[in-house]
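1. Give me a 3D structure for the following:
(one chain, ligands or ions: 2)
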Amino acid sequence: MIFYTPTKKSTLRLTSVATINNDYFDKCSPPVTCDPKAKYRTVNGSCNNLQNPNWGAALTPFYRYMDPVFSDGISAFRLQSDGSPLPNARNITLTMFQDSLRICDYKNNELLVPWGQFITHDTAYSPVRSVNSSFPAALDHCQDKNPPTECKAVIPLSPDDPVYGKKNLTILKFMRLITSPAYNCSLVPDTVLNKNTHYIDSSNVYGSDPDVVNQLRLFSGGQLLYNTIKKQEYCPQDPTKVVKKGNQTQVTIAFLAGDVNVNQNLGIALLQNLMLRFHNYIANQLQIAHPLWTDETIYQETRRIVAAVTQIITYDNFLPIILGEKYMNEYGLNSETNYDPTIMPSMAQEMTSGALRLLHNIIPAKLNYMNENYTTYEVEEPSKSFLRPDTLIGNVDGLIRGLTETPGREPQSSYNNLISNIVIEIPSINTTGFDLLSYDIQRGRDVGLPPYTKMRSLCGLPQAKSFDDLSDYIPSKLDLLYYIEN
Ligand code: HEM
Ligand SMILES: [Ca+2]
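-> Residues are numbered from 1 along each chain as shown. Ligands and ions are numbered 1, 2, ... in the order given. Okay, the predicted model is just below:
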């Protein structure tokens with residue numbers, strides 16, 4: 001172990017006041033036996049913490065800073081103080097986030113977004129309950145006059161919605177997340193389990209369960225399985241993903257990787273492919289340096305290096321931009337290799353369903369492909385390639401150059417039009433598009449995130465008793481949406 005126990009603990013650390021964090025571990029977690037001398041991480045993340053072997057493992061719940069708030073104490077969305085439902089999520093987007101400015105961030109390039117998403121997909125995956133058909137066309141029946149219970153969480157649209165009104169859509173097909181009973185563990189209130197390992201351990205490259213891990217290995221030279229297209233190495237094609245178009249079965253590119261969202265957009269597909277190439281490059285080098293090493297040894301040593309590099313990029317390059325140097329120093333995150341076994345390592349529900357999604361605000365509206373002279377040879381709207389990363393083929397270098405040389409987007413009080421109106425609109429598979437911000441708002445309610453005013457007090461900000469007290473971080477207009485007590 002290169003880690004040592006810290007001599008000095010940050011006094012600023014946010015203290016959890018939740019009462020339910022042990023419930024899963026007390027009632028449901030499977031027994032595990034760890035080998036204290038094991039050199040490599042386990043597939044599902046168990047045994048990283050020898051005192052609490054299940055901490056941080058795949059299929060364990062997200063950590064809670066505060067207990068969830070549901071109106072029935074179990075799973076129903078919370079209500080306003082007068083007992084009325086919370087404001088319609090789409091209405092919040094339309095009222096608060098329709099600024100038409102587009103402010104560039106000249107300090108950071110567009111790579112910030114894919115890297116953020118890459119470590120998100122390493123540390124979190126919360127699948128939705130799909131009803132009688134798979135994402136994303138499910139819930140068509142919710143448009144009927146008397147919709148059944150699974151439609152309760154959909155987001156109703158107003159006929160004069162500026163985007164969806166014209167398409168005659170009456171709902172956004174929001175689905176609730178899978179909760180613990182799906183894994184034979186009855187917990188109250190509703191508890192969501194993370195399907196990926198919570199650690200930054202490159203589980204999005206390798207997989208969080210043994211079947212996926214084995215499916216992705218070549219079992220020769222420590223290599224990951226790859227697909228050669230036009231003489232270049234890519235992630236393998238997912239045999240289950242065949243996109244149908246009319247009567248003809250048209251196979252498009254659908255990569256297979258350790259995380260299921262590898263194809264969601266070009267940026268994430270790019271990084272997944274880069275990491276596959278990086279793994280296979282390192283494995284080759286290790287094989288040359290150690291001709292007697294077995295496939296297993298090369299694979300595990302390479303996996304260790306890839307995960308370490310991912311952690312270094314995250315702590316040295318990504319987090320200082322997101323948190324700022326001041327916080328990095330105060331929280332001891334600068335070039336320190338502390339390991340404190342008393343800290344629960346799991347991703348927090350408040351992060352994955354709330355705070356971490358702040359980067360949705362800076363998703364770029366255009367991607368540039370650049371040639372070796374750094375001139376743009378093609379511009380792509382990201383929405384054209386959601387779930388269809390075909391244009392990556394032959395353009396890996398061009399996209400890296402484009403992402404590196406194009407300024408990012410400053411956080412601002414609007415979302416890029418694609419994100420607030422179109423995300424994943426694919427007529428051939430009958431998906432009509434949605435508003436990611438509305439989903440982010442509704443997701444917070446789905447998992448019972450406590451009200452912002454409570455979370456903000458926990459984070460040390462002054463207690464807010466009126467909308468004016470929120471103006472330090474939130475622009476006015478909120479009072480147009482919520483019930484105000486006299
Ligand atoms: C083009 C870029 C991106 C797109 C299209 C995208 C889209 C999405 C979508 C559709 C969801 C599911 C929403 C729901 O049903 O609740 C989601 C979840 C999420 N996104 Fe993004 N996202 C992008 C980039 C990012 C970035 C850069 C970050 C943060 C650094 C991020 C953080 C998250 C998190 C934490 C979740 C929840 C993960 C989970 O618990 O499963 N996303 N995103
Ligand atoms: Ca992980």
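
2. Enumerate every residue touching Pro162.
-> Neighbouring residues of Pro162 by C-beta atoms under 8 Å, 6 or more residues apart in numbering: Leu94. C-beta: built from backbone N, CA, C; applies to glycine.

3. again, only using 6 Å
-> The contact partners of Pro162, by C-beta atoms under 6 Å, 6 or more residues apart in numbering, come to none.

4. now do the one 10 residues further on
-> For Leu172, the contacting residues are Ile155, Phe434, Ser438, taking C-beta under 6 Å, 6+ apart as the criterion.

5. run the last query once more with 7 Å
-> Arg90, Val154, Ile155, Leu157, Phe434, Asp435, Ser438 (C-beta atoms under 7 Å, 6 or more residues apart in numbering).

6. ditto for Asn227
-> Tyr234, Cys235, Pro236, Gln237 are the contacts of Asn227 under C-beta under 7 Å, 6+ apart.

7. Quick one: buried ones out of these?
-> Buried positions within the contacts of Asn227, assessed by neighbour count (16 or more other C-beta atoms under 10 Å), are Tyr234, Cys235, Pro236.

8. Out of these, which sit inside helices?
-> Judged by DSSP state H, the buried ones among the contacts of Asn227 include no members of helices.

9. Closest one of these to Ile178?
-> Distance to Ile178 across the buried ones among the contacts of Asn227 (C-beta to C-beta) is lowest for Cys235, with 25.4 Å.

10. any idea how far Gly222 is from that closest one?
-> Between Cys235 and Gly222 the distance is 17 Å, computed by C-beta to C-beta, to the nearest Å.

11. Repeat that for Asp390.
-> 29 Å.

12. Who has more neighbours out of those two?
-> Gly222 (26 against 15; other C-beta atoms under 10 Å).

13. For the stretch 151-300 of the chain, which residues are neighbours of ligand 1?
-> With C-beta under 6 Å from any ligand atom as the criterion, the stretch 151-300 of the chain comes near ligand 1 at residues Gln264, Asn265, Gly267.

14. In helices, which of those fall?
-> Using DSSP H, those in helices are Gly267.

15. Just send the residues of the stretch 151-300 of the chain next to ligand 1 back as TSV, with pLDDT too.
-> Compiled in TSV, those are given as follows (pLDDT from 0 to 100):
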residue	pLDDT
Gln264	92
Asn265	92
Gly267	97
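
16. Near Leu224, how many other residues are there?
-> Leu224, neighbours per other C-beta under 10 Å, totals 25.

17. Likewise for Tyr482?
-> Neighbours of Tyr482 (other C-beta under 10 Å): 15.

18. Next one: it from Leu270, what distance?
-> To Leu270, Tyr482 is 40 Å away according to C-beta to C-beta.

19. Among the contacts of Leu172, which pair sits farthest apart?
-> Going by C-beta to C-beta, the pair spanning the contacts of Leu172 furthest: Val154 and Asp435, at 12.6 Å.

20. Contact partners for the residue nearest to Asn368 when sequence neighbours are not counted?
-> Nearest residue to Asn368 in three dimensions, chain neighbours excluded: Gly402, at 3.7 Å (C-beta to C-beta, 6 or more residues apart in numbering). Gly402 is in contact with Leu367, Asn368, Tyr369, Met370, Thr376, counting by C-beta under 7 Å, 6+ apart.

21. Show me the helices in the stretch 51-200 of the chain, by range?
-> 89-96, 112-123 (DSSP state H, counting those that start in this stretch).

22. so which of those is the most packed in?
-> helix 112-123 (a mean of 23; mean count of other C-beta atoms under 10 Å).

23. tell me what it is packed against?
-> If you count contacts as 3 or more C-beta pairs under 7 Å, 6 or more residues apart in numbering; DSSP states H and E, helix 112-123 packs onto helix 203-206, helix 266-289.

24. Tell me which of the ones you listed lies nearest to Gln143.
-> For Gln143, the closest of the helices and strands packed on helix 112-123 is helix 266-289, at 30.4 Å, according to C-beta to C-beta.

25. Is that closest one positioned near ligand 2?
-> No. Shown here: helix 266-289 not in contact with ligand 2 (C-beta under 5 Å from the ion), separated by at least 12.7 Å.

26. give me the number of residues near Asn284?
-> Neighbours around Asn284, by other C-beta under 10 Å: 15.

27. nope, Arg445 is what I was after
-> The burial count for Arg445: 21, using other C-beta under 10 Å.

28. And for it, nearest residue in space, chain neighbours not counted?
-> Phe77 (4.5 Å).

29. Now for the one you found: which residues touch it?
-> Applying C-beta under 7 Å, 6+ apart, the residues contacting Phe77 are Ser71, Leu86, Arg445.

30. Point out the ones among those that are inside strands.
-> Under the assignment DSSP state E, the contacts of Phe77 contribute nothing to strands.

31. What is the nearest of those to ligand 1?
-> Ligand 1 has its nearest neighbour among those in Arg445, at 10.8 Å by C-beta to the nearest ligand atom.
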